[in-house]
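**Student:** Sequence plus the predicted model coming up.
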Amino acid sequence: AQSVTQLGSHVSVSEGALVLLRCNYSSSVPPYLFWYVQYPNQGLQLLLKYTSAATLVKGINGFEAEFKKSETSFHLTKPSAHMSDAAEYFCAVSGANNAGNMLTFGGGTRLMVKP
Amino acid sequence: KAGVTQTPRYLIKTRGQQVTLSCSPISGHRSVSWYQQTPGQGLQFLFEYFSETQRNKGNFPGRFSGRQFSNSRSEMNVSTLELGDSALYLCASSLAAIGGTDTQYFGPGTRLTVL
C-alpha cells in the first residue's frame, strides 16, 4: 500500500523567502512521485515529477524537489517566493507495479505568501 | 492542444437524485481517471478507464460508476445522492502507459452540491 504525508497543512512565508513544502511517502515498490499545484476554483497543474532518473528534479515556476530514498522524502522547494505562488500544493505517489495510473495524494499544503 | 474539459462546471442536486458528469480528455489520451476532492477526505481516487474498460477502482460504494466511450470521453454517474457526495470531482487524462509513470493532466473539475 502507498501513502503520502505532507507535514504542515498551512505554510506562510514572506515574499522573497525560501519556500519549503514537506512530503514523505510510503511505498512497498519503487515510487514515482509528483507535485501538483491547485489555484482556487481550478484543477491540478503538474509542477514536477520523479520517475527514477535524476534525484533532483526541476519543475515549472522555479520549483524543484529532491528525492531522498533514505529519508523517504520528496520535499518541494523554491528559493524565492512570489505572491503568485499562493495556492495549495499536493504531493502524490504512484507505484511501479501500478496496473494503471492511480495516484495517491497527500492532504495538501496551503501556501500563503505575505508581502 | 486543448486541455481536459469537464461539464458541467457546477451542479446542484437534491438527496436521492442521480447525476452524470462528463469528461473529454486531451486528444490522443486513452486513459481517464476520476478523483473526488472534499475538505475532509482530500483527494481520493474513484476509478480509471482505458480503452473503454475499467482498469483500476478506488474504495467507493457501488453508487459511483463510470464508463468510457470509443473516443475516450468518459462519464461518471452517482446514483441516490447523499449530502456527503458534495465535492469537487476531477477528471484526469494520460496517454496510456501502465506502471505509474504517466503524467496525468487534470481538468477544472465539476463542483457538485447536494442539498
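**Tutor:** It's in. Numbering: from 1, shown residues only, chains lettered A, B, ... in the order given.

**Student:** ok, now which ones touch the closest residue in space to B:Val4 that isn't next to it in sequence?
**Tutor:** With sequence-adjacent residues excluded and distances taken as Cβ to Cβ, 6 or more residues apart in numbering or on different chains, B:Val4 is closest to B:Gly107, at 3.6 Å. Every C-beta, even on glycine, is put in place using the N, C-alpha and C of the backbone. Counting by Cβ atoms under 8 Å, 6 or more residues apart in numbering or on different chains, B:Gly107 touches A:43, B:3-6, B:23, B:90-93.

**Student:** Spit out the contact partners of the nearest residue to A:Leu103 once chain neighbours are set aside.
**Tutor:** Spatial nearest neighbour of A:Leu103, excluding adjacent residues (Cβ to Cβ, 6+ apart): A:Ala92 at 4.3 Å. Applying Cβ under 8 Å, 6+ apart, we find A:Ala92 in contact with A:4, A:33-36, A:103-106, B:43.

**Student:** Can you tell me the SS state at A:Ala92?
**Tutor:** With DSSP: H, G, I helix; E, B strand; the rest coil as the basis, A:Ala92 sits in strand.

**Student:** ok, which stretches of the chain are helices?
**Tutor:** No chain in the question, so chain A it is. Assigned by DSSP state H, chain A shows no helices.

**Student:** swap in chain B?
**Tutor:** Counting by DSSP H, chain B contains no helices.

**Student:** Please name the strands paired to the helix or strand bottoming out on mean pLDDT in it in the sheet, noting orientation.
**Tutor:** In chain B, no helix or strand scores lower on mean pLDDT, DSSP states H and E than strand B:53-57, which sits at a mean of 88. With DSSP bridges as the test, strand B:53-57 is paired with strand B:42-50 (antiparallel).

**Student:** Other residues contacting the strand it pairs with?
**Tutor:** A:90, A:92, A:100-108, B:30-38, B:54-60, B:64, B:66-68, B:74, B:76, B:89-90, B:96.

**Student:** which residues does residue 9 contact?
**Tutor:** Using chain A here. Per Cβ under 8 Å, 6+ apart, neighbours of A:Ser9: A:107-110.

**Student:** To clarify, I was referring to chain B.
**Tutor:** B:108-111.

**Student:** State the pLDDT value of the residue nearest to B:Val4.
**Tutor:** We have a pLDDT of 96 for B:Gly107.

**Student:** can you map out the strands along the chain?
**Tutor:** Using chain A. Taking DSSP state E, the strands of chain A run over residues A:3-5, A:10-14, A:19-21, A:24-26, A:31-38, A:44-50, A:56-58, A:64-68, A:73-78, A:87-95, A:104-105, A:109-114.

**Student:** meant chain B, my bad for not saying
**Tutor:** Under DSSP E, chain B gives strands at B:5-7, B:10-13, B:19-24, B:31-38, B:42-50, B:53-57, B:64-68, B:74-78, B:87-94, B:105-106, B:110-114.
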